[in-house]
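1. when you get a sec, could you give me coordinates for this:
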Amino acid sequence: MLPVVVAALGAVGVLVAWEVAFVLLPIPIGILLFRFRLLSGGDTMIIVLIVMIVLAILLPPVEAPRSSARREQCGLNIKQIMLALHEYHDVYGAFPPAYLADAEGRPMHSWRVLILPFLGRQDLYELYDFSQPWNSPANRSLMAQAPLDFMCPSDTARAPGDASYFLVAGDGTPWASGHAPSIEEFTGRPAERIVLVEVANSGIPWTEPRDISLNEALLGVGTGGAPRISSPHPGGAQTGRLDGSVWFLLEQTRPKELRRLLAPPP
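-> The predicted structure is shown next:
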């Protein structure tokens, strides 16, 4: 769209320059231009269209490189999160639980808060009050300070402070019931096992102890809305594998293959 708009402006510029030249140039050249000004209105429109088409072809596309750069940054975000998860594992002998629960077993704090020191955000970690739930006034005030690592730059529909990346947690996964799993508890090959997924326009604040279930992930790659793997990137969504690598999961991935990647048999 942008090249066409610029081309149209260029065409208008050509016509304005034409009129200025007719007025300002010496008389002999002005007479020559006058002969060309006798073209009909239809001829003039043809010239304008030709100029627009030529400029649109010659102008370099700008949106495609930007989209590609945002997709790459999204992948780098997932890479940073996976590295933080593995560093946490190195220190504590297990990955963080999907959530820390209160005395009644209700989710109270998210794994995203637990890995802040491993993302270089010790300052934000120290501001978070673990004696209060994630949605207490004190902790809600931190939502606006969400690390950029938790947000896909292409997800412009996402509300400020909402997360873009989620564990596949709950029943049927090692991240069930607030359990902190070790890497040995995961079945399948680490280079193939998907554990972190992208969700577009999630509506879930980064501090909320909430992820997506295995059944939601098995719905496949969509475009947002219901909790599921989704993305603003054309053709698929970014995911993180157990070995720390990033994988772009295609929309056309078959259900059987998707289950093998998310919950492979022992």
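2. where is the longest helix in this protein?
-> For the chain, the helix with the greatest residue count under DSSP state H is helix 63-92.
3. which helices and strands does that helix pack with?
-> Contact here means 3 or more C-beta pairs under 8 Å, 6 or more residues apart in numbering; DSSP states H and E; on that basis helix 63-92 packs against strand 165-167, strand 194-198, strand 236-241, strand 246-250. (Glycine included, C-beta is placed from N, CA and C.)
4. tell me the mean pLDDT for it?
-> When pLDDT is averaged over helix 63-92, the result is 90.
5. what would the helices and strands packed on helix 63-92 look like in TSV with distance to residue 103?
-> Shown next, in TSV, are the helices and strands packed on helix 63-92 (distance: least, C-beta to C-beta, whole Å):
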stretch	distance to residue 103
strand 165-167	23
strand 194-198	28
strand 236-241	32
strand 246-250	38
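6. distance to residue 182 and mean pLDDT added to these, as TSV?
-> Output for these, formatted as TSV (distance: least, C-beta to C-beta, whole Å; pLDDT from 0 to 100):
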stretch	distance to residue 182	mean pLDDT
strand 165-167	15	98
strand 194-198	13	98
strand 236-241	17	97
strand 246-250	22	97
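7. low-confidence ranges in this structure?
-> Scanning the chain for pLDDT under 70 picks out 1-65, 224-226.
8. give me the most central residue, it.
-> residue 152 (3.0 Å; C-alpha atoms, centre = their mean).
9. go ahead and confirm that residue touches residue 230.
-> No. With contact defined as C-beta atoms under 8 Å, residue 152 and residue 230 do not form a contacting pair (10.4 Å).
10. what touches both of the two?
-> 198, 200 (C-beta atoms under 8 Å, 6 or more residues apart in numbering).
11. for the protein, which segments count as helices?
-> Counting by DSSP H, the helices of the chain are 2-24, 27-37, 41-58, 63-92, 111-114, 122-127, 137-140, 214-217, 255-262.
12. which residue is the nearest non-sequential neighbour of residue 67?
-> Counting by C-beta to C-beta, 6 or more residues apart in numbering, residue 67 lies nearest to residue 154, which is 7.0 Å off, once chain neighbours are set aside.
13. residue 220 too?
-> residue 258 (6.1 Å).
14. my read: the one you found touches residue 216, true?
-> No. Residue 258 lies out of contact with residue 216 (C-beta under 8 Å); the separation is 11.9 Å.
15. how distant is stretch 109-126 from the center of its chain?
-> On the basis of C-alpha atoms, centre = their mean, to the nearest Å, stretch 109-126 sits 21 Å off its chain's mean C-alpha point.
16. and stretch 175-182, by the same measure?
-> 26 Å.
17. what comes into contact with it?
-> Contacts for stretch 175-182 (C-beta under 8 Å, 6+ apart): 89, 92-101, 105, 107, 167-170, 174, 211.
18. now stretch 258-266
-> For stretch 258-266, the surrounding residues in contact (C-beta under 8 Å, 6+ apart) are 168, 172-173, 187-189, 192-194, 214, 217-218, 220, 249, 253.
19. swap in 7 Å and give it another go.
-> 168, 172, 173, 187, 188, 192, 193, 194, 214, 217, 218, 220 (C-beta atoms under 7 Å, 6 or more residues apart in numbering).
20. OK, contacts around residue 253?
-> 220, 221.
21. one more: residue 194?
-> Contacts of residue 194 (C-beta under 7 Å, 6+ apart): 168, 239, 241, 247, 261, 262.
22. what's the answer for residue 119, then?
-> Contacts of residue 119 by C-beta under 7 Å, 6+ apart are 80, 84, 147, 149.
23. for residue 102, same thing?
-> Here residue 102 is in contact with residue 108 (C-beta under 7 Å, 6+ apart).
24. at 10 Å instead, please
-> Going by C-beta atoms under 10 Å, 6 or more residues apart in numbering, residue 102 touches 108, 109, 133.
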